[in-house]
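**Student:** Got a predicted structure plus its sequence, pasted below:
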Amino acid sequence: MPDRGLQEAIRAAGGVTELARRIGISQPSVSNWSRIPAERVLTVEALTGVARAILRPDLYDENNQANGVDETDLARAQEYALLAALLSRAPDTEFLQRLATLRGDPTPLGLAHVGLADAAANADATKIEREFFNLFIGIGRGELMPYGSYYIAGFLHERPLARLREDLAALGIERAEGQYESEDHAAILCEIMSGIAGGQFPAPAGADRQLFEKHLAPWLGRFFTDLERAETADFYRRVGTLGRVFIDIESEAFALSE
């Protein structure tokens, strides 16, 4: 029987099928869960609005703080989870309403949050779903290809993906059952980084930096810049800005830590 956290997520999403659709995995995969997997907690929180302390009280306290994770890494994990949620599926009306409540300080990242909130407040979920399709799926292919292998090598399923899989295997991170996208998809890489930064993946110290510099830094900033400039992007132009600013911050922070 699902635990309370999973039951709350299913209720908030409107059923198992809808929760699976929002996450981007198969319905049987979610049906086989007994609780929300650790690496999915922040993404499910972003997609359903159910607090992480309810989803997994064994991992988060009543203040939504992760056990043994400092505030900076927790904020990074939240940012990656937000990007993962936005890049895996088009936001529905409920998600847009939550995005519209985002606030920010007068910093580049804070202003990117405010811009995304403004876009969400004036957005139509049906139009955004069409925009998402045109950008990332399309008839044949979308305007953008959100895959590391494509950006680095020019083709899908090339050596960059193989190298990524080798490094993920070394960290004990395996492809989730029912996940149809390859591991070098921007959404999946953001979800993995969220899991490492937030402590859901028991990775050694420095694993997030190694993964970022080897598998995200060479292309993800360029992808977000392309998303900002994409012809069919409207709402997702703001997602591109948020992603570009955040990746720049991550790059600078890792460079300073050398």
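**Tutor:** Happy to help now that I have it.
**Student:** check contacts around Leu242.
**Tutor:** Leu242 makes contact with 82-83, 109, 112-113, 115-116, 224, according to Cβ atoms under 8 Å, 6 or more residues apart in numbering. All C-beta atoms are positioned from the backbone trio N, CA, C, and that covers glycine.
**Student:** meant to ask about Leu83
**Tutor:** Remark: with contacts taken as Cβ under 8 Å, 6+ apart, Leu83 is in contact with 186-187, 190, 239, 242-243, 246.
**Student:** tell me the secondary structure for it?
**Tutor:** helix (DSSP: H, G, I helix; E, B strand; the rest coil).
**Student:** burial of Val245, as a residue count?
**Tutor:** Residue neighbour count, defined by other Cβ atoms under 10 Å, stands at 21 for Val245.
**Student:** cool, the one 4 residues further on as well?
**Tutor:** By the measure other Cβ under 10 Å, the count of residues near Ile249 is 15.
**Student:** who are the neighbours in contact with the residue most central in space within the chain?
**Tutor:** For the chain, the residue nearest the mean C-alpha position is Ala84 (1.2 Å; Cα atoms, centre = their mean). The contact partners of Ala84, by Cβ under 8 Å, 6+ apart, come to 43, 46, 187-188, 190-191, 194.
**Student:** okay, and for the chain, where does confidence drop off?
**Tutor:** Counting by pLDDT under 70, the ranges of the chain that qualify are 1-2, 62-68, 177-179, 258.
**Student:** Let me see the domain layout of it.
**Tutor:** Described in terms of automatic domain parsing, the domain architecture of the chain consists of the residue ranges 1-68, 125-256.
**Student:** TSV for the ones you listed, including distance to Ala75?
**Tutor:** Conversion of the domains of the chain to TSV gives the following (distance: least, Cβ to Cβ, whole Å):
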stretch	distance to Ala75
domain 1-68	11
domain 125-256	9
